[in-house]
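S.K.: After the sequence you'll find the predicted model.
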Amino acid sequence: MKILLDTHILLWFQSMDMRLSTALREFIEQSEHDIFVSQASFWEIAIKLSIGKLVLDKDLQSTFRSVEEAGFLILPFTNDHFIQVSALPLHHRDPFDRMLIAQAEAEGMHLLTADSHFALYDVPLVKV
């Protein structure tokens, strides 16, 4: 199974945040599944950091580098993802979340999220 991490799950994982349960942390760390992080998450983190909506415990470059060090795979944008996002219903207006949903749908991935809005879409979820 291919798992795409929602941005907040990635940040909780990296910062050892208690909102990520021990069971889910172990699922991510010891998974036999392929764990992906979207470039949309990098974009979201950079934007929110630059406008003061996010504070990181390390610099941005180290944050991004630690994704690869954790063994996560990077999911780049493709034209299929942009086409998929344009066809999504407007249940949720967050552009970063919409791209994650579109990528998961286009790539046949499960999304790992705590965001209840994702359930409105036709994408399989790994729930927190």
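M.R.: Ah, there it is.
S.K.: give me the element residue 62 is part of.
M.R.: When secondary structure is defined by DSSP states H and E, residue 62 falls within helix 60-69.
S.K.: Now tell me what touches that helix from outside.
M.R.: Applying Cβ atoms under 8 Å, 6 or more residues apart in numbering, the contact partners of helix 60-69 are 10, 14, 37, 42, 45, 46, 49, 56, 58, 74. To be clear about C-beta, it is placed using only N, CA and C from the backbone, and glycine gets the same treatment.
S.K.: Which pLDDT value goes with the residue nearest to residue 113 when sequence neighbours are not counted?
M.R.: In space, residue 113 comes closest to residue 6 once its chain neighbours are excluded; the distance is 3.7 Å by Cβ to Cβ, 6 or more residues apart in numbering. The confidence metric pLDDT takes the value 97 at residue 6.
S.K.: cool, residue 122 as well?
M.R.: The predicted structure scores residue 122 at 89 on the pLDDT scale.
S.K.: So it, which state does it fall into?
M.R.: Classification of residue 122 into helix, strand or coil gives coil, according to DSSP: H, G, I helix; E, B strand; the rest coil.
S.K.: and it, how far is that from residue 24?
M.R.: As judged by Cβ to Cβ, to the nearest Å, residue 122 and residue 24 stand 23 Å apart.
S.K.: Having no further points to raise, I will conclude here.
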